[in-house]
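Participant: Next input, structure requested:
(2 chains)
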Amino acid sequence: MTLKLRNTASGELEAFKPIADVVKLYVCGVTPYDVSHVGHAMSYVVFDVLRRYLEFRGYQVRHVQNFTDIDDRIITRAERLGIEIGELTSDMIERYMEEMRSLNVLPAHEYPCATKEIPQMIEMIEALVEKGYAYEAGGDVYYRVRSKEDYGRFSHRDLESMMAGARVEPNEQKEHPADFALWKGAKPGEPSWESPWGPGRPGWHIECSAMALRYLGEQIDIHGGGQDLIFPHHENEIAQTEAYTGKAPFVRYWLHNAWVKSGEEKMSKSLGNFIPISEALEQYSADAIRMWVLFSHYRTPLTFTSEALSAAKRGAERLRIAVRTPSNGADGDAVDAAPCREQFIAAMDDDLNTSKALAALFDLAHEINRRRDEGRKVADAQAALLELADVLGLTLTEPEADISAAPFIELLITIREELRGAKQFELADRVRDGLDELGVTLEDGPEGTTWRRRE
RNA sequence: GGCGACGUAGCCAAGUGGUUAAGGCAGGGGUCUGCAAAACCCCCAUCACCGGUUCGAGUCCGGUCGUCGCCUCCA
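Facilitator: The predicted structure is shown next:
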């Protein structure tokens, strides 16, 4: 069995074969001008799962993810806040990193920032101008889309029909309306860097090319991002990179995740209809949020609703209980996890069918509970469930309980035990209900009472 | 207008030609329990609509209706 991925470039399911031993993975990062929202969470959880699965399958992965720490929105916002752009971006980057940690997203191996890669970008732009793929116009430098005969093929559009849309801003400096900026001359007062074309800053697309080139090489295995980046970002990235290196394809497999909807429309920063990751994390555990994402396929739009998140929360709890409840059985392990493991792998091999992979985990959890109830041993199966859940980045651990509260909870349980012994059920129930309201659930079993913390 | 995607049970969501249409949540009925909780057992869909291809279609083709996305910054 091999991993098959839906390659945006071909639209086909393709067997994954890395170019070399180490899989080169580049994921488009955020523009840190504002806090990240659950749409970003979806995207980075998806690519985190891709990375974890590749590693689970025995590949070594080198994961690079950028920060676009210079652009119009950053400049505007920093100006409005009256702070330096660096102050704004480093704050947002710090928050982003913290949120990813909370979501159990593995850190990339490199997080290059656009502003730290200016020389590389200038070098690329110069070479593109020299080769005739780009031209300078009034302090700006543009990529000449006409220089690439199949420009638009990647995103399934052609220059003529794009012009028909009439949404491309006319710019008399450009040779062609679709030509895109590699370098933007600075307007007075804007942050800028020196260049052969005067002070300015890089265009959006060039940074990813320069960083991918520098940190991963001229041809990479997988490039990921949201579907909204297919055009123009990735189309342009391909054009300029392949023009620069003379090698194609720049990327072997392009993967794009769908977007998160807020109500009936796409959640996005510009629409202002977003739910920050920090806000989601206040209400739901990382496991719940990840499970919400993973319940559906990465190329299908997701909707953030309390119903969906609650379902994920309960689902995570179900798996958690299956792995944490010990068995007192003594005979050999009663559950064979191998069939589940096979189903899990088959599902993940099929373009990361996480919905099906999760179903395999729920089946295993069910089997574990059944056998445990029969008094059989299930420890090995529980270990397997934990291992496979980890491939999806699910920890299956309970929400952090306040350690200092534990002895008091234990004490209340002991007292309640005595009340129950004395058939003082009303008082005993008051203890249980009281703890329940504080987010602690008591469960009476044959071995005594246990407690767990709810999300 | 161009391009892309989607419409499966109360909700979320797999399934791309062939046994009883995965799984989760919610709901109903049981077992367990002092009562609960958790777990376990049982129940709950003919796949937007119309037509076609086929021995056979949720699954392919055509059309209708509806929804979303990209074409400008966006994960």
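Participant: can you tell me the residue of the stretch 1-150 of chain A closest to RNA strand B?
Facilitator: At 2.6 Å from RNA strand B, residue A:39 is the closest residue in the stretch 1-150 of chain A, using Cβ to the nearest atom of the strand. The way it works is simple: take the backbone N, C-alpha and C, and place the C-beta from them, glycine included.
Participant: Now whichever strand or helix holds that residue - C-alpha only, PDB.
Facilitator: For residue A:39, the host element (DSSP states H and E) is helix A:38-56. Extracted in PDB, the C-alpha atoms of helix A:38-56 (Å, rounded to 0.1, in the frame of the first residue of the first chain):
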ATOM      1  CA  VAL A  38     -10.000  28.700  13.500                       C
ATOM      2  CA  GLY A  39      -9.700  28.700   9.700                       C
ATOM      3  CA  HIS A  40      -5.900  28.900  10.200                       C
ATOM      4  CA  ALA A  41      -6.200  26.200  12.800                       C
ATOM      5  CA  MET A  42      -7.900  23.900  10.300                       C
ATOM      6  CA  SER A  43      -5.100  24.400   7.800                       C
ATOM      7  CA  TYR A  44      -2.200  23.900  10.100                       C
ATOM      8  CA  VAL A  45      -3.900  20.900  11.800                       C
ATOM      9  CA  VAL A  46      -4.300  19.300   8.400                       C
ATOM     10  CA  PHE A  47      -0.700  19.800   7.400                       C
ATOM     11  CA  ASP A  48       0.400  18.700  10.800                       C
ATOM     12  CA  VAL A  49      -1.500  15.500  10.300                       C
ATOM     13  CA  LEU A  50       0.100  15.100   6.900                       C
ATOM     14  CA  ARG A  51       3.500  15.500   8.500                       C
ATOM     15  CA  ARG A  52       2.800  13.100  11.400                       C
ATOM     16  CA  TYR A  53       1.500  10.500   9.000                       C
ATOM     17  CA  LEU A  54       4.500  10.700   6.700                       C
ATOM     18  CA  GLU A  55       6.700  10.200   9.800                       C
ATOM     19  CA  PHE A  56       4.500   7.400  11.000                       C
END
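Participant: For that helix, give the mean pLDDT please.
Facilitator: Averaged across helix A:38-56, pLDDT comes to 98.
Participant: Next: stretch A:433-451.
Facilitator: Here the average pLDDT along stretch A:433-451 is 92.
Participant: still on that earlier bit, which SSE is immediately downstream of the helix holding residue A:39?
Facilitator: strand A:60-65.
Participant: same for that following strand, what does it pack against?
Facilitator: Here strand A:60-65 touches strand A:22-27, helix A:38-56, helix A:204-215, going by 3 or more Cβ pairs under 8 Å, 6 or more residues apart in numbering; DSSP states H and E.
Participant: Kindly recompute the last result at 6 Å.
Facilitator: strand A:22-27, helix A:38-56 (3 or more Cβ pairs under 6 Å, 6 or more residues apart in numbering; DSSP states H and E).
Participant: Is there a neighbour count for the closest residue to the residue of the stretch 1-150 of chain A closest to RNA strand B other than its chain neighbours? I'd like the number.
Facilitator: With sequence-adjacent residues excluded and distances taken as Cβ to Cβ, 6 or more residues apart in numbering, residue A:39 is closest to residue A:260, at 4.0 Å. Using other Cβ atoms under 10 Å, residue A:260 has 24 other residues around it.
Participant: on that earlier part again, got the helices and strands packed on strand A:60-65 as a markdown table, with mean neighbour count columns?
Facilitator: Shown next, in a markdown table, are those (neighbours: other Cβ atoms under 10 Å):
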| stretch | mean neighbour count |
| --- | --- |
| strand A:22-27 | 22 |
| helix A:38-56 | 23 |
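Participant: Run a quick neighbour tally on the closest residue to RNA strand B within the stretch 151-300 of chain A.
Facilitator: Of all residues in the stretch 151-300 of chain A, residue A:226 sits closest to RNA strand B, at 2.3 Å by Cβ to the nearest atom of the strand. For residue A:226, the count of nearby residues is 19 (other Cβ under 10 Å).
Participant: Next: residue A:100.
Facilitator: When neighbours are counted by other Cβ under 10 Å, residue A:100 registers 21.
Participant: Secondary structure element for it, which one?
Facilitator: For residue A:100, the host element (DSSP H and E) is helix A:85-102.
Participant: The stretch 151-300 of chain A against RNA strand B: which residues are in contact?
Facilitator: Proximity of the stretch 151-300 of chain A to RNA strand B (Cβ under 7 Å from any atom of the strand) is limited to residues A:155-157, A:161-162, A:164-165, A:167-169, A:180, A:204, A:225-233, A:257-261, A:264-270, A:295-297, A:300.
Participant: which ones are touching the residue of the stretch 151-300 of chain A closest to RNA strand B?
Facilitator: Contacts for residue A:226 were tallied using Cβ atoms under 6 Å, 6 or more residues apart in numbering; they are A:43, A:257.
Participant: beta partners for it?
Facilitator: Taking DSSP bridges, one finds residue A:257 as the beta-bridge partners of residue A:226.
Participant: Please report the confidence value the model assigns to it.
Facilitator: On the pLDDT scale, residue A:226 gets 97.
Participant: Low-confidence ranges, the stretch 51-200 of chain A, go.
Facilitator: Applying pLDDT under 70 to the stretch 51-200 of chain A flags residues A:164-172.
Participant: which stretches of it form strands?
Facilitator: Counting by DSSP state E, counting those that start in this stretch, the stretch 51-200 of chain A has these strands, from start to end: A:60-65, A:134-137, A:140-143, A:180-185, A:200-202.
Participant: ditto for the stretch 351-455 of chain A
Facilitator: With strands called from DSSP E, counting those that start in this stretch, the stretch 351-455 of chain A shows them at A:440-445, A:448-453.
Participant: so which of those strands gets nearest residue A:196?
Facilitator: The closest approach between residue A:196 and any of these, judged by Cβ to Cβ, belongs to strand A:448-453 at 60.5 Å.
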